[in-house]
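Asks: predicted structure and sequence below. I'll ask about it afterward.
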Amino acid sequence: MILKMILNIRITAARLAALLVLAALLCAGVQAAVAEENTLNVGIGVLQSLSCDEYGRDPTLSATEFPNVGGTIIAQHRYTHFSPLVSLGGDGNVIPWLAESYDVSKDHKTITFHLRNGVKFADGKPLNASVVKFNLDRILTYGWKERFSWAAAIKDYESAEVVDENTIKIHFREGGLDALKGLCFSPVLGFFISPWDVEPEWDIKGILKEEMKYNGLGPYYVDENKSTQKQRLTLIKRNSWYDELDFHKPNVDKIVFTVISDPQTRVAALEKGEIDYISRYWNPSWDSLPNLERNSKVSIVTRQGTSLKLLATAWWKEPFNGTDGLKLRKALNYALDRNEIAKGGFNGYADSATDSMYLSPLLPGISECCHKGYEYDIEMARKLLTESGWIDTDGDGVLEKNGKQLVLQFIVCSTDNSDCNWQRDSALIIQSQLKKIGVDVQIQSMESGARLDAIKKGYFDLRFWWSYSINTAVSQSLVSDFCTGNDTERAYMNQNRTLEALIKNVESATSEEEHKDLVCQACQMLHGEAAVIPLVYPNEYALVSSKITNFQFGAYDALDRLEECSIEG
């Protein structure tokens, strides 16, 4: 009996020990899981985009046309829904996404997409060609038709044709080499919803059910218990087709977007470690970077930019019109030391634009024929001014012609933010440089609204402008800046309108050779006529915590793959 009791005690003790070991292992596992869960804290200026300031809206409908139910918050829908047919790589080239491959017809009016197998919505329903057609019809002909009526992808969209379960054709009314990239002009074209989630089902005008608002193709959902409208958005990783197909698999378990409206406070939060990243859309101005360079807790990730900052002139009126106006525009091009502008206006985070008039050499497919600009040559500038009749007759340092001094009204933005601060600093440098050749530049600082009004009315001689970057098709960039709006709003247009006709032909070109030749002609015309005055290519930069690794630039800020970053420590 005693022996049996001893054995029972030993067995019980052994079991207890085993249970304790198991409990320890489970605790260790829980602790490891907690330790492995990583959070990326992102600082933003406002939880708003495209006229919408509430998360949980239907991204296939514009907030402008459907204010009560529609709208996108990029910080949300980019992670809960974004899965386009094709997207843009960091270099601006089109890359497959939902579509594994695609074929373009010879007339560039039809693109056939072959869909990736295994793509599913969060509730497990599969993506197929019919689902894609539903979303394209809903977005392009209903939900966003008015809001993006100017975009080629919308105005030229004719129909979508389901070939089979995994194949869909998109037909356009007008063809063009840039049609494929046109489908990448906005993340909206990748915010797909399930047609089973609208009422009535499969109706492109149906209403998205409230309980299905996060049922997208993206790898995250919104934790509403830890989110506050207009203040904070918390995204939690969920199992998704990205994991199952090992396709751009997310590394971050939780992403928290916090609104910090003041730029300096955002920077301070990064320095203190309260946030890990400042969204590039709300980057602080260049003058804040030198101090951050000295902070070991912050990394400044940069790359050469492709958006060109430039000066547009009042080309349609004196003193910039006619033959003498051409010589004046050339003189101003030669008179500017762009290295000084890069250093003083952008704290050295810019490259001189002496190799182009508009299209950066880094843009995909840009030929060497476009790699021509104006070098700094102050003597050539003075020579051209003299040839065009501008002479300082009274020795006051300002050139005159026909009794009128060469005085230029230069309008700049006065708002205190990163979009405008560079204008103020660069304008002062340009004013000083042009004074050396006898040009009196008078700077007029205006709020953004007043400046835009002055541009529309033509109340200026000089103004800052900038080209699109790698996220925009070449034809769209040219059309937007040289063929859109009234004359005062265009960066330039020659008297006989041959530039406009040439650019319109670029837009409709259907062969690589034709497209290349027309773009070359446009570049040569822009250079020969000194259409604009290129300044610098500002660097793109991202401010991240030093514990964040593997950050990679997207074609633009919304395409930065934050979820694929690694977090150390």
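Replies: All right, it came through fine. Numbering: from 1, shown residues only.
Asks: any figure for the gap between the closest residue to Gly218 other than its chain neighbours and Glu224?
Replies: Once flanking residues are discounted, Gly218 sits nearest to Thr80: 4.5 Å by CB to CB, 6 or more residues apart in numbering. Using the backbone N, CA and C atoms, a C-beta is placed for each residue, glycine as well. As for Thr80, its distance to Glu224 is 12 Å (criterion: CB to CB, to the nearest Å).
Asks: who's more crowded, these two?
Replies: Remark: of Thr80 and Glu224, Thr80 carries more neighbours, 25 against 13, as counted by other CB atoms under 10 Å.
Asks: tell me the phi and psi of that one?
Replies: Main-chain torsions, Thr80, degrees, to the nearest 10: phi -90, psi -20.
Asks: from memory the residue nearest to Gly218 sits against Tyr220, does it?
Replies: Yes - contact criterion CB atoms under 8 Å: Thr80 and Tyr220 qualify, at 5.6 Å.
Asks: so Val441 is in contact with Leu408, correct?
Replies: Yes - look at Val441 against Leu408 with CB under 8 Å: they come within range, at 5.2 Å.
Asks: are there residues contacting both of the two? Which ones?
Replies: 434, 462 (CB atoms under 8 Å, 6 or more residues apart in numbering).
Asks: count the residues that sit near Val536.
Replies: Val536 has 25 neighbours, counted by other CB under 10 Å.
Asks: ok, now His515?
Replies: 22.
Asks: quick one, phi psi at the spatially closest residue to it that is not a sequence neighbour?
Replies: Closest residue in space to His515, ignoring its immediate chain neighbours: Ala509 at 4.0 Å, by CB to CB, 6+ apart. Main-chain dihedrals, Ala509, degrees, to the nearest 10: phi -60, psi 140.
Asks: which secondary structure element contains Ile300?
Replies: strand 298-303 (DSSP states H and E).
Asks: tell me the mean pLDDT for the following helix or strand past that strand?
Replies: Downstream of strand 298-303, the first helix or strand assigned by DSSP H and E is strand 309-313. Average pLDDT, strand 309-313: 97.
Asks: helix or strand right after strand 309-313?
Replies: That would be, after strand 309-313 and using DSSP H and E, helix 322-335.
Asks: list the helices and strands that following helix packs on?
Replies: strand 309-313, helix 378-387, helix 418-435, strand 533-538 (3 or more CB pairs under 8 Å, 6 or more residues apart in numbering; DSSP states H and E).
Asks: which parts of that helix are buried?
Replies: 324-335 (16 or more other CB atoms under 10 Å).
Asks: and if you look at stretch 199-217?
Replies: Going by neighbour count (16+ other CB under 10 Å), the buried part of stretch 199-217 is 204, 206, 208-209, 212-217.
Asks: alpha carbons only: can I get it in CSV?
Replies: Once non-C-alpha atoms are left out, stretch 199-217 reads as follows in CSV (Å, rounded to 0.1, in the frame of the first residue of the first chain):
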residue,chain,number,x,y,z
GLU,A,199,-26.6,45.4,-52.7
PRO,A,200,-27.9,44.4,-55.2
GLU,A,201,-25.1,41.9,-55.8
TRP,A,202,-23.1,42.5,-59.0
ASP,A,203,-24.8,45.8,-59.7
ILE,A,204,-22.1,48.4,-60.6
LYS,A,205,-24.3,51.0,-58.9
GLY,A,206,-24.9,48.9,-55.8
ILE,A,207,-24.2,50.0,-52.3
LEU,A,208,-21.3,48.4,-50.4
LYS,A,209,-22.5,46.6,-47.3
GLU,A,210,-21.3,48.2,-44.1
GLU,A,211,-20.0,44.9,-42.7
MET,A,212,-17.9,44.2,-45.8
LYS,A,213,-16.1,47.6,-46.0
TYR,A,214,-12.7,46.0,-45.2
ASN,A,215,-13.2,42.9,-47.4
GLY,A,216,-10.5,43.8,-49.9
LEU,A,217,-7.6,42.1,-51.6
